[in-house]
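Chemist: Sequence below, structure please.
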Amino acid sequence: MTDSQNRAPAAPQPRAAVMAIHAYVAGEAKLPGVNRIIKLSSNEGAFGPPPAAIAAYTKVAAEIHRYPDGGSTALRRAIGTRFGLDPARIVCGTGSDELIGLLCHVYGGPGTDILMSMHGFTMYQIAGTFAGSRVLKVPEKNLTTDVDAMLAAVTPETNIVFIAHPNNPTGSLLPQSEVERLRAGLRPDILLVLDSAYAEYVEAADYDAGQKLVDAAENTVMLRTFSKVFGLGGMRVGWGYMPPAVADALNRVRGVFNVNLAAQAAAVAALEEPGWVERCRAHNTEWRARLAASLAAVGIKVWPTEGNFLLADFATAAAAQDADAFLKSRGIIVRGMAAYDLPHCLRITVGTAEECTLVTEALTAFTTSPHA
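Modeler: Got it, this is the predicted structure:
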């Protein structure tokens, strides 16, 4: 027996890069012993799925033994019609998470660097590390992507830059001029990925979710999702609009039937629900402002946001933990931000009017209690 055989591991071993990853932890959904739970931890739509989506989902129940259309043809056509995009340049995925992973594997890998902002969506780091890339977190300015710092962090090995647009969990949004300055300052061979999961909630007048930059060159991708305003988080449907060459590359390696039959049907119907997005956006705009004002009135700092959530800043990690525990005692689940290097903050989804009111009442009580 050789020395190498003597030193062989006793069991199969994963790649070192895999064991360096801290698994994504989803927002909590249950509280033992609590009858009514108000779940505001995952930025789900305030009103659930559109009625048409529920009907479409129910209608295909008898057909779920059939494989879905592997190309999501009807869904891509519906997306193209709704947003004025070429369906051939759209790729659908099992949530935008799948597309993030595919982009990292196709354009990243060993010997490459991926850039993201310091408090950006953690899936960029997870997917990039899994692909074998070195993921670099770039410091932000006022919890907003710093374009100058991002450009300064570019290395010869940089292949991808991820920007959440607006950002999760901070809610911050780069002005369109800054997004364009970032794209112009990157090498043409660097892929800029604009993850616009919260696009439907944005009120900024100059906002473009990414279509303009995708159409302008061959080096930008826009990602979108059905998990937020369209209320289909449980169906896992995302999509990307991208240059033809990028779409071709992703279609070569994505799952053959990656978007299931029911998800495709529900998503098509959700796009066609009259007035749904307008109703959801109007509600979010009103109650986002109301909730932010009510928290500010009791001394809780709220960072500016363009999403369907607030980042509440309690100044210290201990205070944030106490506030989280106080909310849970009232059946309200929000999201702790320690995993995003913001342990002093809680992220709170903008729920229904009743839910927002209950959050206000709870945090008002917290600030006047011995815990504050």
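Chemist: Domain-wise, how is this protein divided?
Modeler: Using automatic domain parsing, the domain ranges for the chain come out as 14-43+276-367, 52-272.
Chemist: Tell me which of those domains is the most buried.
Modeler: Mean neighbours per residue, mean count of other C-beta atoms under 10 Å, is largest over the domains of the chain for domain 52-272, with a mean of 19. Backbone N, C-alpha and C define where each C-beta goes, glycine included.
Chemist: now that one: mean pLDDT?
Modeler: Across domain 52-272, pLDDT averages out at 97.
Chemist: Next: stretch 281-295.
Modeler: 98.
Chemist: Relative to the whole chain's centre, how far out is that stretch?
Modeler: Chain-centre distance of stretch 281-295: 20 Å, with C-alpha atoms, centre = their mean, to the nearest Å.
Chemist: now stretch 192-200
Modeler: Distance of stretch 192-200 from the chain centroid (C-alpha atoms, centre = their mean) equals 8 Å.
Chemist: same deal with stretch 219-233?
Modeler: Its chain's C-alpha centre and that of stretch 219-233 lie 8 Å apart, by C-alpha atoms, centre = their mean.
Chemist: Could I have the CA atoms of it written out in CSV?
Modeler: Output of stretch 219-233 as CSV, limited to C-alpha atoms (Å, rounded to 0.1, in the frame of the first residue of the first chain):
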residue,chain,number,x,y,z
ASN,A,219,-22.3,43.0,-21.3
THR,A,220,-25.2,43.7,-19.0
VAL,A,221,-28.0,41.4,-17.6
MET,A,222,-31.2,42.4,-15.9
LEU,A,223,-32.7,39.9,-13.4
ARG,A,224,-36.4,40.1,-12.3
THR,A,225,-38.7,37.9,-10.1
PHE,A,226,-42.3,36.9,-9.6
SER,A,227,-41.6,36.4,-5.9
LYS,A,228,-42.4,40.0,-4.7
VAL,A,229,-45.1,42.1,-6.3
PHE,A,230,-46.6,39.2,-8.2
GLY,A,231,-46.9,37.1,-5.0
LEU,A,232,-45.5,33.9,-6.3
GLY,A,233,-42.6,33.3,-3.9
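Chemist: what's near enough to touch W303?
Modeler: With contacts defined as C-beta atoms under 8 Å, 6 or more residues apart in numbering, the neighbours of W303 are L143, T170, G171, S172, L310, L311, D313.
Chemist: any idea how far the first one lies from D313?
Modeler: Spelled out, it's L143. L143 is 9 Å from D313, where distance means C-beta to C-beta, to the nearest Å.
Chemist: same question, the third one
Modeler: Distance from G171 to D313, counting by C-beta to C-beta: 12 Å.
Chemist: give me phi/psi at V359?
Modeler: Backbone dihedrals for V359, given as degrees, to the nearest 10, come out at phi -60, psi -40.
Chemist: Which residues are in contact with it?
Modeler: Neighbour list for V359: I38, L40, L291, L327, I332, V334, I348, G351 [criterion: C-beta under 8 Å, 6+ apart].
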